[in-house]
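Student: Have a look; sequence and predicted model below, questions after that.
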Amino acid sequence: MAGGNMFGRVLSYLLNEFLVEGLANNRAFQRFAVKTNRTLENLSSKAKEVREGLSEQMREARGHDDHFKR
C-alpha cells in the first residue's frame, strides 16, 4: 500500500510541476492572469468606496436621529 501512495504523490508532484511550468510560460495565460488581477483590484476598490459611502450615510442618519430624540 505504501508504494502506491508514494507513486501517487510522485505522479501528482510531476503533473503539478508540468502544469505550473506550462502556465507560467504561456503568454495567453499571463495576459489572462494580469487582466483578472486588474479587474479584481478595480472591483475591490469600488466595493471599498461604496462601503465607505454607506458607512458615512449611516453615521449621518444616526446623527440626525439623535436630534429628534432631544
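Tutor: That came in fine, so what should we check first?
Student: Off-centre distance for the helix or strand containing Q57?
Tutor: Under the criterion of DSSP states H and E, Q57 resides in helix 27-69. A distance of 14 Å separates the centroid of the chain from that of helix 27-69, by C-alpha atoms, centre = their mean, to the nearest Å.
Student: Just give the nearest non-adjacent residue to L23, would you?
Tutor: In this structure, L23 finds its nearest non-sequential neighbour in F29, 4.8 Å apart by C-beta to C-beta, 6 or more residues apart in numbering. For every residue, glycine as well, the C-beta is placed using N, CA and C.
Student: how many neighbours does E17 have?
Tutor: When neighbours are counted by other C-beta atoms under 10 Å, E17 registers 10.
Student: hmm, who's touching stretch 12-21?
Tutor: Residues from elsewhere that reach stretch 12-21, judged by C-beta atoms under 8 Å, 6 or more residues apart in numbering: none at all.
Student: Make residue 1 into 321 and carry on from there
Tutor: Understood, numbering begins at 321; the last thing we discussed is stretch 332-341.
Student: Convert that stretch to PDB, retaining C-alpha atoms only.
Tutor: The C-alpha coordinates for stretch 332-341 follow below in PDB (Å, rounded to 0.1, in the frame of the first residue of the first chain):
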ATOM      1  CA  SER A 332       0.900  14.400  -8.500                       C
ATOM      2  CA  TYR A 333       4.100  16.300  -8.000                       C
ATOM      3  CA  LEU A 334       5.300  15.800 -11.600                       C
ATOM      4  CA  LEU A 335       1.900  16.800 -13.000                       C
ATOM      5  CA  ASN A 336       1.800  19.800 -10.800                       C
ATOM      6  CA  GLU A 337       5.300  20.900 -11.900                       C
ATOM      7  CA  PHE A 338       4.500  20.500 -15.600                       C
ATOM      8  CA  LEU A 339       1.200  22.300 -15.300                       C
ATOM      9  CA  VAL A 340       2.700  25.200 -13.300                       C
ATOM     10  CA  GLU A 341       5.700  25.500 -15.700                       C
END
